[in-house]
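*Asks:* Could you work out the structure for the sequence below:
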Amino acid sequence: MASTGHTGPSAAPARAVVIGGGIGGLTAALALHLRGWQVTVLERARGLEPVGAGISLAPNAQRALDVVGLGAEIRSLAAWEGDGELLTPRGRRLSRADPDLAARRFGGSLVLLHRATLIGLLAGRLPAGAVRTSSDARLIDSGDPADPARPARVGTAAGDLEAELVVGADGIRSAVRGTLFPEHPGTAYSGFTTWRVLVPPLDRPFAQHETWGPGQLWGTHPFADGTLYAYAAALAPAGQRAPDGDERAELLRRFGSWHHPVPAILDAVVPAQVLRHDVHHIARPLPAFHRGRVALLGDAAHAMAPTLGQGGNQAIEDAVVLAHHTAPGAPPDLPGYTRARQARTTRIARRAMTVSRVNMTRSRSAIALRNTAIRAAGALGPAVLLRGMDGIADWRPPQPRPYVAQGERR
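*Replies:* Below you'll find the model as predicted:
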């Protein structure tokens, strides 16, 4: 039977408040609920409308989602990684992905699905009323885990909430992080901006791919229903936007001459549906991922560049590890949570920034050297190119079995 977070049969459930209704916050809420916590999620947006069109879930995140009982359902709904290619803007192949080899190496395959699908699945497993949208929240008191009479306190327009645990899952511009660590400089601009689009299936076939050009990249992947998810990135000054807000025109200017299917996708894009966001990351790690009765997770704790596809994956990992560090009749072991997560996420965030500098360099000599090295590594066998995800995609959660809701039997 899973731990419940109770002191006894008649004790009230421990209370947890999650600030932020994104993927990390909802995964934490579900994991804590399954551990017996009374959970409230406060999301300041009017609805659970995730930013970003798609998310790729590597085997490490899928195993974390197995712990909260969603892994199998997600794998049934998602698109599985197929044969992919790394290309130049003219379509010359640098390397080919071997999904079967990757699955054997990391214990599973990469899957892709719409963020809204994942958000809906997570929210749908929570008790009715657990998620409160249009709820702007602020951390008033981080509480004292050594003093049962001093819970954490969160302020909302509807009144203050007290909790034995507060989870700051409020994203890159986390107000909770700023309250806990006011001396920390926060996030820094990574030097590049990103675009995301969704378009209907194309008539002409293509292989899923990522393409690296001077100072910019493009990737195209299909969802299970055939809808195409495409993303792009480019070095650019922070805050720069397309004239008149026409980001489709900006994408055409930058990528319109690239290989198929890039021009066809841009032809199908609805201008108003192009998402653009500058990429910020936490360059200087936080001193801890907790203070008092408050824990940070996801971008609030370790915002990272998207170049390894691990931002959302690491938030999911955080959530189940945090729940693992809760025990019945005792304050959550938040120092243990920090120890379990900080070094790992810091290492991955640094690797993601290193990769971004390599795959979006503008230097012609560096591009020639990089491409030569990739082709040479590919000639030695596809396993060589997979080494960059060793220690990341093969991660396994600390708890051996999936959580079950309080009162359920295994």
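*Asks:* Quick check, pLDDT for residue 84.
*Replies:* Note on residue 84: pLDDT of 88.
*Asks:* Quick check: it touching residue 96?
*Replies:* Yes: contact criterion CB atoms under 8 Å: residue 84 and residue 96 qualify, at 7.3 Å. (C-beta placed from N, C-alpha, C; glycine too.)
*Asks:* Can you pick out the residue with more neighbours from these two?
*Replies:* Higher neighbour count among residue 84 and residue 96: residue 84, with 20 against 14, using other CB atoms under 10 Å.
*Asks:* Who are the contact partners of residue 19?
*Replies:* Taking CB atoms under 8 Å, 6 or more residues apart in numbering, we find residue 19 in contact with 25, 42, 137, 139, 154, 166-170, 176.
*Asks:* Also residue 150?
*Replies:* Residues in contact with residue 150 (CB under 8 Å, 6+ apart) are 141, 143-144.
*Asks:* Narrow these to those that are buried.
*Replies:* For these, a burial check counting by 16 or more other CB atoms under 10 Å picks out 141, 143.
*Asks:* Put together CSV for the contacts of residue 150, with pLDDT and distance to residue 371 on each row.
*Replies:* As requested, these are arranged in CSV below (pLDDT from 0 to 100; distance: CB to CB, whole Å):
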residue, pLDDT, distance to residue 371
141, 98, 54
143, 97, 53
144, 96, 56
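*Asks:* Just the closest of the contacts of residue 150 to residue 121, please.
*Replies:* Taking CB to CB as the measure, residue 121 lies nearest residue 143 of the contacts of residue 150, at 31.0 Å.
*Asks:* returning to what we had before: narrow the contacts of residue 150 to those in strands?
*Replies:* Residues of those located in strands (DSSP state E): residue 141.
*Asks:* I'd like the contacts of residue 150 laid out as a markdown table, including distance to residue 233.
*Replies:* A markdown table is the format used below for these (distance: CB to CB, whole Å):
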| residue | distance to residue 233 |
| --- | --- |
| 141 | 40 |
| 143 | 40 |
| 144 | 43 |
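*Asks:* of the contacts of residue 150, closest to residue 368?
*Replies:* Distances from residue 368 to the contacts of residue 150, taken by CB to CB, are shortest for residue 143, at 56.0 Å.
*Asks:* so what's that closest one up against?
*Replies:* 150-153, 163-164, 166, 292-294.
*Asks:* Buried among these? Make that a ChimeraX selection.
*Replies:* This is how ChimeraX selects the buried members of these, with burial counted by 16+ other CB under 10 Å:
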select :151,152,153,163,164,166,292,293,294
